[in-house]
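Visitor: the following block contains a protein sequence and its predicted model.
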Amino acid sequence: MRLVLDSNVYIHGFSESRPPVAARLFGLLVDDPDRFELIISRTILQEVEQNLPPRAYGVCWGFLTAMDVEQVESWQIPFETGSRYRERGLKPGDAFIAALAEWSGAEFLVTGNRHFMARSTLPFKVAKMEDFLRVVEKR
């Protein structure tokens, strides 16, 4: 299952005050690495680095490396894809995340961003961490 995790998910997952739902999510990803294929962009990675202390970012980087997460460069994603999401009313950063999820063929975008939650016509599913866990724990 291809996934894009928004920067807020990584930040919660690797912060010192990690919420239990984030611990469960990352525990699931680590326990079943063959089930999940994570995609991350340099833009998401930079935001995570800016919002985590160096030690926590180092742990996050170790996770990304161990999970063999595919890193996508911003220039790889067609500009037109992001523009379509801007035209739908998403802010530039959110439009880029949506474009990344679509372009990479992600089944899910896991995010806490409320701007995505109201969108029902996306070519990928959008879920908060707890909702994503409910779905995948049933499969």
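Guide: Everything's here; your move.

Visitor: lowest mean pLDDT among the helices and strands, pick that one out for this protein.
Guide: Across the helices and strands of the chain, mean confidence by mean pLDDT, DSSP states H and E is lowest for helix 114-117: a mean of 66.

Visitor: and the next helix or strand past that helix?
Guide: Next helix or strand after helix 114-117 toward the C-terminus (DSSP states H and E): strand 125-127.

Visitor: what is that following strand packed up against?
Guide: Strand 125-127 sits against strand 108-110, with contacts defined as 3 or more CB pairs under 8 Å, 6 or more residues apart in numbering; DSSP states H and E. C-beta: built from backbone N, CA, C; applies to glycine.

Visitor: can you list contacts of the strand it packs on?
Guide: Here strand 108-110 makes contact (CB atoms under 8 Å, 6 or more residues apart in numbering) with 1-6, 9, 25, 97-98, 101, 116, 122, 124-129, 132, 135.

Visitor: can you give me the distance of Pro20 to Val4?
Guide: According to CB to CB, to the nearest Å, Pro20 stands 22 Å off from Val4.

Visitor: neighbour-wise, which of the two wins?
Guide: Higher neighbour count among Pro20 and Val4: Val4, with 27 against 9, using other CB atoms under 10 Å.
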